[in-house]
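1. would you be able to build a 3D model of this:
(one chain, ligands or ions: 1)
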Amino acid sequence: MPTILDGHLVAQAIRQKLSQQVGEIQASGGKAPHLAIMLIGNDPASHTYVKAKLKACQEVGFCTTLMQHETIAEKDLLRQIEEVNNDPAIDGLIVQLPLPQHISVQQVINSIKPEKDVDGFHPLNYGRMARNLPAHVPATPLGILTLLDHYNIATSRRHCVIVGRSSTVGAPLSILMGQNRYPGNATVTLCHSHTQQLSELTRQADILVAAVGSPGLITAEMVKEGVVVIDVGITRVPDKTRKAGYRLQGDVDFEAVAPRCSHITPVPGGVGPMTIAALLLNTLRAAQNRAYTAD
Ligand code: GUN
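-> Numbering: from 1, shown residues only. Model (predicted):
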């Protein structure tokens, strides 16, 4: 049977260490890192994610500010972002995505001060990351690298096939996994909705990352024996047998694929908790005026 890559466990260890670091900062007269979160609209999944992010911050002793609007004009949101940019008490800011249609995601991301952009979405952070310079790196890719590192999974010379080219996960992860360091030095293939013969490519993967939000897309026939599978998908699938009325399903058909893997992430409990842990790491680094670097 495969090793289950337990994101809950690894994230808990990270939170424990962060909690200690916050204690040390405060003991030496410093202030706890402070994350501001903006949540716009009524997307139920976004509300759940933000709740989990706030809870994790509180657990490690970070200060938090939640700015929540059922609806807001773009110009008012941009003004609020500017206020946070100029507030020396706040170290990091994220605007939860997706945003309502009338708001330009690009405008919003571009208006966040890069030093406070702990999502790593600002073009300056993205560009610095791509050049292998210290930067805030998007939380999900950083969480995946941290998980690979924790389980000592070899990446050098291995073929990493990523399915999904989103700007928050697939695209940045493809850059990071190809860079000259550990985890990295992989040969990377980035697949997307226009990729032909997807199965032929996924079957070549030593490390397969699925990040498309298409439940059960990756089947047993699409992977080779001994593969490491990272499932980023987390889709709410209607399920009347559950109290919530839905269950969370990954992009990988876990039951069928797991027996063929050397390692696999569960959904939930794999990448999700690591994403939040990585956001905490980015926020601490922002408070220390530093950024993610491999060195
Ligand atoms: N929505 C889904 N994932 C993310 C994320 O990593 N950051 C933000 N801000 N919104 C998201």
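2. how about V108: what's its closest non-neighbour residue?
-> In this structure, V108 finds its nearest non-sequential neighbour in V95, 5.4 Å apart by CB to CB, 6 or more residues apart in numbering. No exception for glycine: its C-beta is placed from N, CA and C like everyone else's.
3. what pLDDT is listed against the one you found?
-> What the model reports as pLDDT for V95 is 98.
4. cool, the one 3 residues further on as well?
-> Predicted confidence (pLDDT) for P98: 96.
5. might one say that it is in contact with S46?
-> Yes: at 7.3 Å, P98 and S46 qualify as touching, with contact defined as CB atoms under 8 Å.
6. which one's more surrounded, these two?
-> A count of neighbours by other CB atoms under 10 Å puts S46 above the other of P98 and S46, at 16 against 12.
7. surely the more buried one touches V95?
-> No: using CB under 8 Å, S46 is not in contact with V95; the gap is 10.4 Å.
8. need the residues touching each of those two.
-> Common neighbours of S46 and V95, using CB atoms under 8 Å, 6 or more residues apart in numbering, do not exist here.
9. which of the helices or strands spans I37?
-> Per DSSP states H and E, I37 falls inside strand 34-40.
10. quick check: buried residues in that strand?
-> 34-40 (16 or more other CB atoms under 10 Å).
11. return the member of the residues you listed nearest to Y182.
-> L35 (28.4 Å; CB to CB).
12. do I have it right that that closest one meets G61?
-> No: contact criterion CB under 8 Å: L35 and G61 do not qualify, at 11.6 Å.
13. how about the contacts made by Y126?
-> 120, 135, 167, 172.
14. can you rerun that using 10 Å?
-> 109, 114, 117, 120, 135-138, 167, 171-172, 175 (CB atoms under 10 Å, 6 or more residues apart in numbering).
15. that one belongs to a helix, doesn't it?
-> Yes: assigned with DSSP: H, G, I helix; E, B strand; the rest coil, Y126 falls within a helix.
16. stretch 236-243: how far from the chain's middle?
-> 25 Å (CA atoms, centre = their mean, to the nearest Å).
17. residues that sit against both of P98 and S46, list them.
-> Common neighbours of P98 and S46 (CB under 10 Å, 6+ apart) are I40.
18. kindly report the residues of the stretch 101-250 of the chain close to the ligand.
-> Residues of the stretch 101-250 of the chain found near the ligand (CB under 6 Å from any ligand atom) are 119, 139-140, 168.
19. and T235, backbone torsions?
-> Backbone torsions for T235, taken as degrees, to the nearest 10, come to phi -100, psi 140.
20. do I have it right that it meets V252?
-> No: contact criterion CB atoms under 10 Å: T235 and V252 do not qualify, at 11.6 Å.
21. which neighbours do these two share?
-> Common neighbours of T235 and V252 (CB under 10 Å, 6+ apart) are 215-216, 267.
22. helix, strand or coil for the closest residue in space to S174 that isn't next to it in sequence?
-> Leaving aside its chain neighbours, S174 sits nearest to L190 (4.4 Å; criterion: CB to CB, 6+ apart). With three-state DSSP as the basis, L190 sits in strand.
23. now the helix ranked longest in the chain: buried residues?
-> Using DSSP state H, we find that the single longest helix of the chain is helix 7-27. Of all the residues in helix 7-27, those buried under the rule 16+ other CB under 10 Å are 7, 10-11, 14-15, 18, 21-22, 25.
24. let's have the residues you listed in CSV, adding distance to R157.
-> Listed next are the buried residues of helix 7-27 as CSV, based on distance: CB to CB, whole Å:
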residue, distance to R157
G7, 26
V10, 24
A11, 29
I14, 28
R15, 33
L18, 33
Q21, 34
V22, 39
I25, 40
